[in-house]
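Engineer: Attaching a predicted model along with its sequence, questions to come.
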Amino acid sequence: MMKNDFKNSAENSEDIAIQGEDTTKKRKIVVPGEVIASGEDYLPSDGTRREGKDVIASRFGLAEESGRVIKVISITGAFVPRRNNVVIGRVTNVTFNGWVVDIDAAANGFLPLDESPRFISKNDMAQFLAIGDVISAKIWSINNRGIDLSLNGKGLGKLEGGFIFRVSPNRVPRVIGREGSMINLIKDKTGCNISVGQNGWVWIKGNDIDSQIRARKAIEFVTDKVHVEGLTDKMEAWFTEN
Amino acid sequence: MASFKRHDGRSLTDMRPMTAKVGVVPNADGSAMFAFGNTIAIAAVYGPRLLHPQHMQDPATGILRVNYDLLSFSVADRKKPGPSRRSQEISKMTEWALAPVLDLEAFPNTVIDVQVYIIQADAGTRTAGINAASLALAHAGIPMKNLVCSVAIGKQDTNIIVDLDKEEEDFEDGEGATDFPLAKIANTDQFTLIQLDGKIPPQRVKEVLDIANKSCEEIYEVQKKALKELVE
């Protein structure tokens, strides 16, 4: 009975259908403390907790029910680093055994000397990465001492030239699109090199200023549209107009 | 006493019209505006971010830091900008009212900064500030048990009234005016703030808490609506 009640409520205007989404997934917007579902069948996951029979939201966001598991996806707020995230950061300090990198999270990232892709002498670390350099790196581990980064991986390393700007980290999946469809479209249409970090930093480098500005405007167009279906098609239409 | 009239025509238990809006400060991680009639509060949340000075860091949990202030143009006589004894007290009190709902163990050594600014003051600024801050924290995606709702109940002579404005707060006849600001965790009977400025017979406090419970339900609906409107 309770299950039916929930399904009905999920069909109202708060329900946000994502294009191509599996129909077994129900989504609705919830506020902290709101009861998402009632019954012993449900399993609370990220951003939810169980209180007696109810599964309750612990944060504001989109509640998603996939099978028995319920989780709340943040749609606003600061970047919360996770293992294996690829982030873009800026070197803020060079220490004796590595580089301190600002990745716009609650803690600084640290790139140890051992994690650099080739051998670098301790004496000329600043020649490889100096203060102010921008890098794309992967979060290797998160522990109570900080966030460790690594450069071992495809597409990671120093980002030379170009410029960086910030978008909301919660919009990054939209900017990238399903299997990179959106970002590849923007790259094709503008001819720019673009790198998007999970922390919301975007790096763009193109052949001329106009195409770089066009790429930035295209990305900002995507981040402005919060919940629109068929965004990739809209993006293509945008490129014919601009 | 049935003939008692409030100067703006409200009934004893009516609050001023409330408005709430989420996402008013684009550069903040979370932000909100909350207004009780002419009292308007805006709150901006930054973080979780690394806490400095380092000696304040807590390796067990993140901490909450609130800064409340009246902006200089918010009152009729220009308020001298900068911290005052009053604003420091209200900052601390707002912090204590909000801390019980927050779950910051996932963010050790960090701080969540909440800036509460009153852009227009007509009494009840601390309660409007708490409501705005609660919305802004939710908007920033901070893990929290529930929203916090806050309202000031008062007493004018012997009549218990809800959500006093400046004119009612300055009432001086009879027993005078009493200001009783409260904050509670929504949908529970747990209060996180009780202050009392004035006089009230102990046996009438229960009456005040009952009225506060009813008023907070209304506030909760306004807050919930504001958050849900964000994606529609």
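Structural biologist: Structure's in. What do you need?
Engineer: Just the terminal-to-terminal distance for stretch B:53-71.
Structural biologist: For stretch B:53-71, the first-to-last residue distance is 26 Å (CA to CA, to the nearest Å).
Engineer: Contacts (any at all) between chain A and it?
Structural biologist: Yes - using CB under 8 Å from any CB of the partner chain, stretch B:53-71 reaches chain A at B:59, B:62. Using the backbone N, CA and C atoms, a C-beta is placed for each residue, glycine as well.
Engineer: Buried residues in that stretch, which are they?
Structural biologist: Buried residues in stretch B:53-71, defined by neighbour count with 16 or more other CB atoms under 10 Å in any protein chain shown: B:57, B:62-64, B:66-70.
Engineer: Quick check: residues of chain B near chain A?
Structural biologist: So chain B meets chain A at B:23, B:29-30, B:47-50, B:59, B:62, B:101, B:103, B:107-110, B:138-147, B:185-187, B:223-224, B:227-228, B:230-232 (CB under 8 Å from any CB).
Engineer: I figured A:Leu159 hits A:Gly132, correct?
Structural biologist: No - assessed by CB atoms under 8 Å, A:Leu159 is found out of contact with A:Gly132, at 11.9 Å.
Engineer: who has more neighbours, these two?
Structural biologist: The neighbour count for A:Leu159 versus A:Gly132, taken as other CB atoms under 10 Å in any protein chain shown, is higher for A:Leu159 (21 against 8).
Engineer: mind giving me the domain split of chain A?
Structural biologist: For chain A, automatic domain parsing gives the domain ranges A:2-73, A:86-159, A:163-241.
Engineer: can you tell which of the ones you listed is closest to B:Ile130?
Structural biologist: Among those, domain A:2-73 comes nearest to B:Ile130, with 14.9 Å by CB to CB.
Engineer: can you give me the helices in chain B?
Structural biologist: Using DSSP state H, the helices of chain B run over residues B:85-98, B:125-139, B:166-169, B:205-229.
Engineer: Pull out the buried residues from the third one.
Structural biologist: Same thing as helix B:166-169. Under the neighbour-count criterion of 16+ other CB under 10 Å, helix B:166-169 has B:168-169 buried.
Engineer: Quick one: mean pLDDT for it?
Structural biologist: The predicted model assigns helix B:166-169 a mean pLDDT of 92.
Engineer: Just list what that helix packs against, helices and strands only.
Structural biologist: Secondary-structure packing of helix B:166-169 (3 or more CB pairs under 8 Å, 6 or more residues apart in numbering or on different chains; DSSP states H and E): strand B:148-156, strand B:177-185.
Engineer: Please identify the deepest-packed of the ones you listed.
Structural biologist: Greatest average neighbour count among the helices and strands packed on helix B:166-169 goes to strand B:148-156 (a mean of 27), per mean count of other CB atoms under 10 Å in any protein chain shown.
Engineer: orientation of it relative to helix B:205-229 in degrees?
Structural biologist: Relative orientation of strand B:148-156 versus helix B:205-229 (axes from the mean of the first three to the mean of the last three CA atoms, to 10 degrees): 140 degrees.
Engineer: any idea of the mean pLDDT in strand B:148-156?
Structural biologist: Mean predicted confidence for strand B:148-156 is 95.
Engineer: and that strand, what does it pack onto?
Structural biologist: Using 3+ CB pairs under 8 Å, 6+ apart as the contact criterion, the elements in contact with strand B:148-156 are helix B:85-98, helix B:125-139, strand B:159-162, helix B:166-169, strand B:177-185, helix B:205-229.
Engineer: ranking the ones you listed by burial, who's on top?
Structural biologist: Burial of the helices and strands packed on strand B:148-156 is given as mean neighbour count (mean count of other CB under 10 Å); helix B:125-139 ranks first at a mean of 30.
Engineer: What's the local residue count around the closest residue to chain A within chain B?
Structural biologist: Per CB to the nearest CB, B:Gly141 is where chain B lies closest to chain A, at 2.7 Å. B:Gly141 has 25 neighbouring residues, counting by other CB under 10 Å.
Engineer: what would the buried residues of stretch B:53-71 look like in JSON lines with distance to A:Ile36?
Structural biologist: Below are these laid out as JSON lines (distance: CB to CB, whole Å):
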{"residue": "B:Gln57", "distance to A:Ile36": "34"}
{"residue": "B:Gly62", "distance to A:Ile36": "25"}
{"residue": "B:Ile63", "distance to A:Ile36": "29"}
{"residue": "B:Leu64", "distance to A:Ile36": "26"}
{"residue": "B:Val66", "distance to A:Ile36": "29"}
{"residue": "B:Asn67", "distance to A:Ile36": "33"}
{"residue": "B:Tyr68", "distance to A:Ile36": "33"}
{"residue": "B:Asp69", "distance to A:Ile36": "37"}
{"residue": "B:Leu70", "distance to A:Ile36": "39"}
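Engineer: tell me which of the residues you listed is nearest to B:Ala76?
Structural biologist: Ranked by distance to B:Ala76 (CB to CB), these are led by B:Leu70 at 11.7 Å.
Engineer: and the gap between that closest one and B:Tyr117?
Structural biologist: 8 Å (CB to CB, to the nearest Å).
Engineer: Output the below-cut-off pLDDT ranges for the chain.
Structural biologist: This is for chain A. Applying pLDDT under 70 to chain A picks out residues A:1-25, A:226-228.
Engineer: hmm, I had chain B in mind actually
Structural biologist: Counting by pLDDT under 70, chain B shows low-confidence ranges at B:1-3, B:232.
Engineer: need the residues of chain A near chain B, please.
Structural biologist: Within reach of chain B by CB under 8 Å from any CB, chain A has these residues: A:13-14, A:16, A:29, A:31-34, A:47, A:58-61, A:74-78, A:106-108, A:144, A:170, A:226-227.
Engineer: In strands, which of those fall?
Structural biologist: Here DSSP state E is the test, and the residues of chain A next to chain B give A:29, A:61 as lying in strands.
Engineer: Among the residues of chain A next to chain B, the buried ones, what's the ChimeraX command?
Structural biologist: Restricted to buried positions by 16+ other CB under 10 Å, the ChimeraX selection for the residues of chain A next to chain B reads:
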select /A:14,16,29,31,32,33,34,47,58,59,60,61,74,75,76,77,78,106,107,108,170
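Engineer: Out of the residues of chain A next to chain B, which sit inside helices?
Structural biologist: Going by DSSP H, the helices hold none of these.
Engineer: Tell me which residues touch the residue of chain A found nearest chain B, please.
Structural biologist: Relative to chain B, the nearest point of chain A is A:Gly77 (2.7 Å; CB to the nearest CB). Neighbour list for A:Gly77: A:170, B:29-30, B:139-142 [criterion: CB atoms under 8 Å, 6 or more residues apart in numbering or on different chains].
Engineer: So which residues make contact with stretch B:136-145?
Structural biologist: Applying CB under 8 Å, 6+ apart, the set of residues contacting stretch B:136-145 from outside is A:31-33, A:47, A:58-61, A:74-78, A:170, B:22-23, B:28-32, B:43-45, B:47-48, B:98, B:100-104, B:106, B:112, B:114, B:147, B:185, B:227, B:230.
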